[in-house]
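mind looking at a prediction? Sequence and model below.
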Amino acid sequence: MYGNEKKSQLVALTATFVALITVGAWISIPLPPVPLTLQTFFVLLAGVIMKRYAAIPAVLYLVLGALNVPVFHNALAGIGVILGPTGGFLIGFIPAALIAGLAYEQKKRILRITGLVAATATIYAFGVFWLSFSAGISIAQAVLIGAVPFLAGDFLKGIAVYSIGERVQ
């Protein structure tokens, strides 16, 4: 990578965002069955900074967790976490990072805001579906348990990410 600044920057940003998503997971308020963390903040921020390449740290984060590196909420690890009730939210990080990143490749503010909203909705969609399936509850129950309690926090996270994005772009 000597002499290739773009690749070097991509590697550095990838490592940074894997670390930040991990730290965001460890900052956790335990709400059963899905804890409130700062992971989504850093997933969206990766999209703002890394654009379409933000999916790379999201994928690596999940791979590390599946390989028993304690990167998930409350320092959990293993494929069991991905297959558990929070797994859909974690898997949703990958398309969410890509959606936010693609939105931030655009110059129009409305497209960027829409991208952040769509990315967050994607995490919810994956998470609620998997929570319903894995816990054997209805979609409505999964929405009440896995989405509604987090809407206000995710709204604030979205505003924070957008504000940061305005300053770094």
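Alright, I've got the coordinates.

pLDDT below threshold where in this protein?
1-2, 33-35 (pLDDT under 70).

so where do the helices sit in this protein?
Under the criterion DSSP state H, helices of the chain are mapped to 5-26, 39-50, 55-66, 79-83, 87-103, 109-135, 139-146, 151-168.

out of these, flag the one nearest residue 32.
The closest approach between residue 32 and any of the helices of the chain, judged by Cβ to Cβ, belongs to helix 139-146 at 8.2 Å. From N, CA and C alone the C-beta is placed, and that goes for glycine too.

which positions in stretch 83-92 come out as buried?
For stretch 83-92, burial by neighbour count (16 or more other Cβ atoms under 10 Å) applies to 84-92.

next: stretch 110-126.
Judged by neighbour count using 16+ other Cβ under 10 Å, the buried positions of stretch 110-126 are 112, 115-120, 122-126.

tell me the one of those residues nearest residue 11?
Comparing these against residue 11 with Cβ to Cβ places residue 119 closest, at 23.2 Å.

residue contacts, that closest one?
43-44, 47, 95-97, 99-100, 103 (Cβ atoms under 8 Å, 6 or more residues apart in numbering).

how far away is the residue nearest to residue 124 when sequence neighbours are not counted from residue 155?
The spatially closest residue to residue 124, leaving aside those adjacent along the chain, is residue 147, at 5.0 Å (Cβ to Cβ, 6 or more residues apart in numbering). In this structure, residue 147 and residue 155 are separated by 12 Å, where distance is defined by Cβ to Cβ, to the nearest Å.
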